[in-house]
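Trainee: Next come a sequence and a model predicted from it.
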Amino acid sequence: MARMAALRAAKQALRRDIKQRVAALSEQEKQRQSKVVSQKLFDHPKYASCDRIAVFLSMHDEVRTEEILQDLFAQGKTCFIPKYQSTASNHMDMLRLHSMQDIETLPLTSWNIKQPSDEDFTREEALATGGLDLILMPGLGFDRAGNRLGRGKGFYDSYLERCMRHARGKPYTVALAFKEQLCPDIPVDDNDVLIDEVLYEDLE
């Protein structure tokens, strides 16, 4: 119990630190880094070979995904976006998005995220059909080993557990990050799922 409490405290402290670092970035700098990260994704062989791709609709402190969404539709790939349950659960589905225009029809949640409404039962859910090839992951912090610090709700960790039970198996996971979100070491517990790769502006 003491270990878990210490881990929670370490995660909370790191979340605060990373949020401050990202908040210090100008909108122009966020857009510039987002373009660099998007181009790295477009040049990635996994992106080229994958068809069914889940991508987040970015919040103010996340890599901008508009350019990625545009490219997904231009390439004729099948796009899915998160639908978070607004209750206290950590349940999330990945629902089909049909076009850039489709985004405009989505309502805003209390978290200021656009997602399909609770009354929208018409959209395909990725795991109910063909599964996913690739998930583009948001997060607050990452290390180079593939450890991810989320916002503490566990949406993506629980969704990846569901993916592992699907016939298609776990999709390839790529996190999109500002370089300010990179940390030497992310504290993790047994429920945190390792991600395959982190894309960020690497100046080395």
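Mentor: Sure, I can see it. Residues are numbered from 1 along each chain as shown.

Trainee: Going by C-alpha atoms from here, please, whenever you check contacts or count neighbours.
Mentor: Noted.

Trainee: check contacts around the residue nearest to Asp185 when sequence neighbours are not counted.
Mentor: Residue nearest to Asp185 in three dimensions, not counting chain neighbours: Asp143, with 5.6 Å by Cα to Cα, 6 or more residues apart in numbering. By Cα atoms under 8 Å, 6 or more residues apart in numbering, Asp143 lies in contact with Leu182, Cys183, Pro184, Asp185, Ile186.

Trainee: go again using 10 Å as the cut-off
Mentor: Leu149, Gln181, Leu182, Cys183, Pro184, Asp185, Ile186, Pro187, Glu197, Val198 (Cα atoms under 10 Å, 6 or more residues apart in numbering).

Trainee: what's the distance between the closest residue to the fourth one other than its chain neighbours and Pro82?
Mentor: With Cα to Cα, 6+ apart as the measure, Asp143 is the residue that lies nearest to Cys183, at 5.0 Å, once sequence neighbours are left out. From Asp143 over to Pro82 the distance is 23 Å, taken as Cα to Cα, to the nearest Å.

Trainee: ditto for Phe121
Mentor: Using Cα to Cα, Phe121 is found at 14 Å from Pro82.

Trainee: So for the two, which sits in the more crowded spot?
Mentor: Pro82 (22 against 10; other Cα atoms under 10 Å).

Trainee: Show me what the strand or helix carrying the more buried one is packed up against.
Mentor: Taking DSSP states H and E as the criterion, Pro82 maps to strand 78-84. If you count contacts as 3 or more Cα pairs under 10 Å, 6 or more residues apart in numbering; DSSP states H and E, strand 78-84 packs onto strand 52-54, helix 66-74, strand 92-97, strand 134-137, helix 155-165.
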